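1. One predicted model, sequence on top.
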Protein chains: 2
Amino acid sequence: MKTKQERTIYLEDTPRQDALERCLNLMELTDITEDVEVQNAVGRITAEPVYACASNPHFHASAMDGIAVRAKDTETAHESNPLRLKEEADFEYVDTGNPIPHGFDAVIMIEDVNEVTDGELEIIAPAVPWQRIRPIGEDITYGEMLLSQGHKIRPVDAGALLAASVKEVKVIRKPAVRIYPSGSELVSPHEPLKSGKLIEFNGTIFSEMVKEWGGEPELMPIVKDDPEAIRAALSEGVEAADIVIINAGSSAGSKDFTAGVIEEMGEVITHGIATRPGKPVVIGKVNGTIVIGIPGYPVSAYFVMEWFVEPLICRFLDVPVPEREKLTVHAGRRIVSSMGSEDFIRVNIGYVNGRFVANPLTRSASVTMSLVKADGIVTLPADQLGVEQGEKMTAVLTKPRTEIQSSVLFSGSHDLSVDILSSHLKKEDGLTRIIASHTGSMAGLMAIKRGEAHLTGLHLFDPATGTYNLPYIEKFLRNMKLVLLPFLQRQQGLMVPKGNPYSIQNISHIAEKEARYVNRQKGAGTRMLFDHLLKENGLKPENITGYNREMFTHLSVAAEVKMEARAVGMGIYSAAQAMDLDFIPVEEESYDLLMTQEFFESKQGRLLFHTLKSRQFKESVEQLGGYTVNDNLEARYIKI
Amino acid sequence: MKTKQERTIYLEDTPRQDALERCLNLMELTDITEDVEVQNAVGRITAEPVYACASNPHFHASAMDGIAVRAKDTETAHESNPLRLKEEADFEYVDTGNPIPHGFDAVIMIEDVNEVTDGELEIIAPAVPWQRIRPIGEDITYGEMLLSQGHKIRPVDAGALLAASVKEVKVIRKPAVRIYPSGSELVSPHEPLKSGKLIEFNGTIFSEMVKEWGGEPELMPIVKDDPEAIRAALSEGVEAADIVIINAGSSAGSKDFTAGVIEEMGEVITHGIATRPGKPVVIGKVNGTIVIGIPGYPVSAYFVMEWFVEPLICRFLDVPVPEREKLTVHAGRRIVSSMGSEDFIRVNIGYVNGRFVANPLTRSASVTMSLVKADGIVTLPADQLGVEQGEKMTAVLTKPRTEIQSSVLFSGSHDLSVDILSSHLKKEDGLTRIIASHTGSMAGLMAIKRGEAHLTGLHLFDPATGTYNLPYIEKFLRNMKLVLLPFLQRQQGLMVPKGNPYSIQNISHIAEKEARYVNRQKGAGTRMLFDHLLKENGLKPENITGYNREMFTHLSVAAEVKMEARAVGMGIYSAAQAMDLDFIPVEEESYDLLMTQEFFESKQGRLLFHTLKSRQFKESVEQLGGYTVNDNLEARYIKI
């Protein structure tokens, strides 16, 4: 282990565009074409113009089933004076696509002839020369340019090439991209998972991204965090590929060897860019091959791939970087950003009250799910400190706009039934689904008030009345037309590790037995319930170890509890069940859904209500355990 | 050969939407899922929600290189009162990703510690509990829903699944689509091409379309035009596939067996739809499998695939049919349409004078190249008779809008150098290319006048002055600021079959020797030159056999000439060369480019001028033969 004194490399703050320009300038384009069979050429880029090797049709062909005639001979045919024609001498039968027999120059449709005897016909109108004939080259003329250089071959293009007797086509070959995952803590997805080991999954993301961009990825076995191993991988990789990726070790820490090894074997042109996330990138060149050191955190890695590897592949293929769909959105809440770095913020986007509202997801670069859940990415330039709530921003979309537009934006208390509801909605209507922000009951109430969400889920206990939700709605949401759906009852309780090693039976035990409590965030209904119960039991937060640490979902509390024998948390039965924990019931509470009347009466609102009332949905939720989904769900209109 | 009397089937005029609805209703969705490895799942559609099989991280992991400590023990650390920590007892070294050793609950970055002696450190600030730790489940919590049902798996989703220890995922399988090309005149693209045989290329287009839409195509060998053969193919196909395609024999002609065989083996629900092209389609069902008879002409076939097979595949996969980009365009010229049928018109689109102008390509269903060249498709409903010039229409784009927007719209005389110019422009700037309509010199002049094209190419001989082009421009384009580029000289001459079997040496010989002349369209410079030469030689059109048949390009004239010993045509040297014809020079003519000053001074205009002046372009054109590209090309500003 090296200590602080041995760390001498510091990261630069190169602007991303400068780094990209330098990176693209490194690319050497030699030997970049290959011949492929037309049948395998769809999606490839032509390396030169493609010319027809034959005409299509390559002979004068009949365009109809009928008879071939000499137009000149038919001039006298008339309704009042039918013209008789003899087979072979005056006409020949032809089918669609047949060559016009020599000497004939027109075709009469079979519908327009009358058979008189075998081998003899009558016609009642003259033929115009070349009628019903597809002349040679009607579709494609020999020597004609079919496709220009730099054209991405589509299915119909491949058909045209075959029609023109072109069997092979010169295309730009797919740039070879070798991917070396590196890190001693990593194991491949196929190995069993042990403590202290992490699954290597970035490599799969990279491979699939490279494929989508038109490159040829090769995902290599994991390389140890060791300069010698990285050196060996690199010297082999730069011979085999056009671009080599090392993931990770790209920062300036004690085990970050990537930059050092590239520098030693070739040159480093950039180490560190002014972005968040994505800063610790290394760009260099070894033996004529571009080498990119990509940070290990999946979100950083994803962005660095898009910023550098996609443009490199496009440059190689000589195509423009595809433009992503953009959308003007309004910040659903304030977003802060630090000066000096471009900030890339993953957002959920919902269409609420006639405008697109974007809410930031977690900023942590280690949360892959923030990319999975994101609807778009907002970039805040280096000189911007942030955006205020409601301010306009441009989001680059990562999901189709149609899907975003028909999404139901949920902000409120987390419940597993909301995920199930989303899945059932999507089954009903392919585009509709719920985008859920787990903000807690109080924040959800505020989101409805400010028009930032369509839907919230609440379980707010009011000690004064002993009831749920309605007192809070009446207090905070004045002058609004709302609809409350009293949708389910659920078991809240204490979750403890299997076997309940510290024998926790009630709230007082948590303090008495010095258990470590795993708390929820401020404003969460579960936290408010716990605070109420503390007060009832004459306890204060100071009496509870761990009170200040906050988790945002039932499942993450449960996951924490599972890790430590003396841990305890409060949550719903289904979360305890999912994590195989013991559960001590404390309270049956009402979890209600709240929305504006306007949303309730919209297409999505009606679909939502319909789905909530369905037997399939009720069954799916009750299967989780600890739930009673209310039969005969009725909408309660509230006007305060 | 059956005659008219035996034809009893007539095509229906079912509205396309009705036919589609009936077709979709035929689909039976049973046994439609399969399990695939996550690494192979990108692009596939989830058949059910996917839940995490493990948390990520699945242990509390250090987020930094540093030391793990107990936060409680560090409370006294201060700049003025550094706290000394002993390895093992008070701290342990951890790297990013390492598990937090048991009993520790915070990490201090290595940058913030001072090494005192080996195994002893000092810190000057306390640690907050859980700082620099990635708690279990930070990214993914065990049991969490990762993807909902009906989600198309992206690269990052595959990564998240692996991170959550999900190794296999249940997806909707790709619907199997069997494609049987049928027709006795067809040969596979790999067989040698003989007269009377046509290359079967629709099957390749279909296969690639099916792949793009998410199906699994299987292109079968060509089936003969014979009911027995079709019956055998069908009975095998319906067992093996979800959708069977028979191409063609779908009309109601004497060799059109598809509908009959389907009727005999199952049921036909539609035979004939009210569209142009695409009318003769057959939709039916045999043994629970949907069978579609698709017309043989490639343009009809392409549309029928999009209208029926794509929606069927999307229904199977339970995804919406992807929306294609649309654009409002103005008709560049009048388009006529017949009542009672939806009309699908392939158009070229150019951005001229601030609006998108669409010009129809050939309406012939047999011209594959009209699909290759099209920028979009305009649909005229069944009750619309057509559109007037300038009228607004909606085009569904078949090329990216960015490419259309930066295209140079050419209308005018055909010259091979224009294709080469387009290719060189595209090399200079990936998006810019020329969309050429071969309308002839006069029509090109009018297109510039009416603002329907950016660029025209002219070779209009003025007998009065003995000069080219300028007299016509002065006569027809008053009050315009124009730029003329006198760009090349080219050889016009008579093209005759190799060896010149009829010994044609001059214009008079065409009449004298009763050669068959292949003419160009009205308004083409070459036709105007020929008419001038006829007059000079005291000849009239009536003296010339074939005068009334019109071809639209030099190459198509040359292709015609190649077919017949007594044929002769007028055209440029390079066309004769391309078709291996003999060439009798007649005239060296000026082929000039003309554009508005505004276009000339635009970005594309400058790029065009730059490219025209380049050595590489001059060489590419002169390589064709018969051309002299003018050195020191200078723009001639014309203000009339």
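-> Received it, and whenever you're ready, just let me know what you need.

2. what does the stretch 451-600 of chain A put close to chain B?
-> Neighbours of chain B within the stretch 451-600 of chain A, by C-beta under 8 Å from any C-beta of the partner chain: A:548-549, A:553, A:555-556, A:558-560, A:562-563, A:575, A:578-579. Where C-beta positions appear, they are placed from N, C-alpha and C, glycine not excepted.

3. Go through these and say which is closest to A:Leu633.
-> For these, the residue nearest A:Leu633 by C-beta to C-beta is A:Ala575; the value is 23.5 Å.

4. Now the nearest residue to the closest one once chain neighbours are set aside: phi and psi?
-> Once flanking residues are discounted, A:Ala575 sits nearest to A:His554: 3.7 Å by C-beta to C-beta, 6 or more residues apart in numbering or on different chains. Main-chain torsions, A:His554, degrees, to the nearest 10: phi -60, psi -40.

5. wait, isn't A:His554 in contact with A:Ser417?
-> No - at 11.3 Å, A:His554 does not count as touching A:Ser417 under the criterion of C-beta atoms under 8 Å.

6. between those two, which one's more packed in?
-> Per other C-beta atoms under 10 Å in any protein chain shown, whichever of A:His554 and A:Ser417 has more neighbours is A:His554, with 30 against 26.

7. Next, the contact list for that one, please.
-> Neighbouring residues of A:His554 by C-beta atoms under 8 Å, 6 or more residues apart in numbering or on different chains: A:414-416, A:526, A:571-572, A:574-575.

8. ok, the closest residue to chain B within the stretch 1-150 of chain A to A:Gln149 distance?
-> Nearest to chain B in the stretch 1-150 of chain A, going by C-beta to the nearest C-beta, is A:Gly143, at a distance of 3.4 Å. Distance, A:Gly143 to A:Gln149, using C-beta to C-beta, to the nearest Å: 17 Å.

9. more neighbours, these two?
-> When A:Gly143 and A:Gln149 are compared for neighbours, A:Gly143 comes out ahead with 24 against 20, by other C-beta under 10 Å.

10. Backbone torsions only: list them for the more buried one.
-> The phi/psi pair for A:Gly143 (degrees, to the nearest 10) is phi 90, psi -10.

11. My guess is it contacts A:Ala52. True?
-> Yes - assessed by C-beta under 8 Å, A:Gly143 is found in contact with A:Ala52 at 6.1 Å.

12. Point out where chain A drops to low pLDDT.
-> Applying pLDDT under 70 to chain A flags residues A:1-9.

13. Could you let me know which of the residues of the stretch 451-600 of chain A next to chain B ends up closest to B:Ser602?
-> Nearest to B:Ser602 among those: A:Thr553, at 56.5 Å, using C-beta to C-beta.

14. give the contact list for that closest one.
-> A:414, A:438, A:575, B:141.

15. before we move on, the earlier item: among the contacts of A:His554, name the ones in helices.
-> A:416, A:526, A:574-575 (DSSP state H).

16. Specify which member of the contacts of A:His554 is nearest to B:Ser614.
-> For those, the nearest to B:Ser614 is A:His414 (64.1 Å; C-beta to C-beta).

17. What is the neighbour count of that closest one?
-> Applying other C-beta under 10 Å, we find 28 residues neighbouring A:His414.

18. That one: what's it in contact with?
-> Contacts of A:His414 (C-beta under 8 Å, 6+ apart): A:436, A:438, A:457, A:552-555.

19. Check the gap between it and chain B for me.
-> In this view, A:His414 and chain B are 10 Å apart by C-beta to the nearest C-beta, to the nearest Å.

20. next one: phi and psi at that residue?
-> According to degrees, to the nearest 10, A:His414 has phi -80, psi 130.

21. about what we covered before: kindly reformat the contacts of A:His414 as a markdown table containing secondary structure and distance to B:Thr33.
-> Putting the contacts of A:His414 into a markdown table (DSSP: H, G, I helix; E, B strand; the rest coil; distance: C-beta to C-beta, whole Å) gives the following:
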| residue | secondary structure | distance to B:Thr33 |
| --- | --- | --- |
| A:Ala436 | strand | 26 |
| A:His438 | strand | 30 |
| A:Gly457 | strand | 31 |
| A:Phe552 | coil | 33 |
| A:Thr553 | coil | 29 |
| A:His554 | helix | 30 |
| A:Leu555 | helix | 27 |
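
22. Now rank those residues by neighbours and give me the top one.
-> A:His554 (30 neighbours).

23. residue in the stretch 351-500 of chain A nearest to chain B?
-> A:Asp419 (4.1 Å).
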